[in-house]
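> I'll drop the sequence and a predicted model, then ask my questions.
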Amino acid sequence: MTSANTLGDSAISAYSISPGVPLENAAQLEETLRHIGATRYHSLHPFHKLLHGGDLNKGQVQAWALNRYYYQSTIPIKDAVVISRFRDRATRVEWRHRIEDHDGDTGAEGGIERWLKLTEGLGLDSAYVESTEGILPATRFAVEAYVHFVRDKTPLEAIASSLTELFAPNLHEERISGMLKHYDFVNPDIMSYFSRRLTQAPRDAGFALDYVKQHAATPAERRAVCNALIFKTNVLWVQLDALYHAYVDGHVPPGAFVPAK
C-alpha cells in the first residue's frame, strides 16, 4: 500500500488523480481521499487565513457571508437531486435528513435560517441576501456546476462529491474560535450555523465514506470517486478565489455587492 504521505502533488492534476495511484481496495481509496482533503480542502485558501486571523474588515466579512449564502441555500436543492438518482429507498431515507438539516421543518430552524442569522448579524438586509442579486458571477457558476455534477454524473460520484464534509469540522472549529476572537461584530449567536455542523457533518461524512468504500468495487470506480472529491474541492476553492480577487485585491465585478465605506 502506498502511504498518502508519499502521494505527491504530481500524482494529482487540477482535475484528476494520476492513473498510477494505487486504488486496489477500499483502504487505498480512503487513504487517497484523505490525502486529497489534506492538500486541497479550502481551509488552506489564503482568504480563509485572512478571515480566521482577523485580517478582514467588516465589509469583506459581509461579502464572504453574502456569497456563501448562495452555496448554503443551494445545498438542499443539490441533495434533492442526489435523492432523485436512487431507486434504493434506504439510501433516499438516509440522505433525506440533509435537506431537513438545511431547510428546517415546521417549528424547527434549519441551516439556511442560521446562515441568515449570520448575515443579519453582520448588518446585511435579509431580503437582499436571499435575492442573491449581489453575489459574484463565479459564485453562481461554481454552485450551479455542483448541482449539474450530481445530476449528470453517476449516483456513486454524486455521493462522493459530498466527502469534503470529512474535513469540515476542523474548519468550523477554527472559524468559530478565530472569528469570535478577532471580530467585535461577531458573537456566538450568529455563529450557530457552524456550531450545529460540528455534529451534523461527521454523521453525513461517515455515511458517504462508508457508501463509497462499499460500492466502488473496481479501481476505475474508486478513481471516479476520488475525482468527484477533487471536483468538489475545486467548487469550494474557486469561490474563495473570486472573493479574494474582488474584495482583497479590489476588483469587484459590475453589479456585485460593494461594502459600505
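That came through, no problem.
> tally of neighbours for Tyr244?
17 (other Cβ atoms under 10 Å). C-beta: built from backbone N, CA, C; applies to glycine.
> Would you state the secondary structure element containing Val252?
Using DSSP states H and E, Val252 sits within no helix or strand.
> Quick check: closest non-adjacent residue to it.
Leaving aside its sequence neighbours, Val252 sits nearest to Ala246 (Cβ to Cβ, 6 or more residues apart in numbering; 4.7 Å).
> tally of neighbours for that neighbour?
Neighbour number of Ala246 under other Cβ under 10 Å is 22.
> quick one: it from Tyr146, how far?
20 Å (Cβ to Cβ, to the nearest Å).
> what do you get for Ala138?
13 Å.
> do the same with Tyr70
Taking Cβ to Cβ as the measure, Tyr70 falls 11 Å from Tyr146.
> and what of Ala242?
From Ala242 to Tyr146 the distance is 15 Å (Cβ to Cβ).
> Also His35?
22 Å.
> same thing with Leu198?
The value you get for Leu198 to Tyr146, if Cβ to Cβ is used, is 23 Å.
> Which of these two has more residues huddled nearby?
Each of Leu198 and Tyr146 has its neighbours counted (other Cβ under 10 Å); Tyr146 has more, 22 against 14.
> Which residues does whatever helix or strand the more buried one lives in contact?
Element membership of Tyr146 [criterion: DSSP H and E] is helix 137-152. Here helix 137-152 makes contact (Cβ atoms under 8 Å, 6 or more residues apart in numbering) with 67, 70-71, 74, 77-78, 81-82, 85, 132, 157-158, 161, 228, 231-232, 235, 238-239, 241-242, 253, 256.
> Okay, and which of the residues you listed map to helices?
Among the contacts of helix 137-152, DSSP state H puts 67, 70-71, 74, 77-78, 81-82, 157-158, 228, 231-232, 235, 238-239, 241-242 in helices.
> When you filter these down to buried only, what's left?
Among the ones in helices among the contacts of helix 137-152, those scoring as buried are 67, 70-71, 74, 77-78, 81-82, 157-158, 228, 231-232, 235, 238-239, 241-242 (criterion: 16 or more other Cβ atoms under 10 Å).
> three-state assignment of the residue nearest to Val252?
helix (DSSP: H, G, I helix; E, B strand; the rest coil).
> gap between it and Ala217?
On the measure of Cβ to Cβ, Ala246 and Ala217 end up 44 Å apart.
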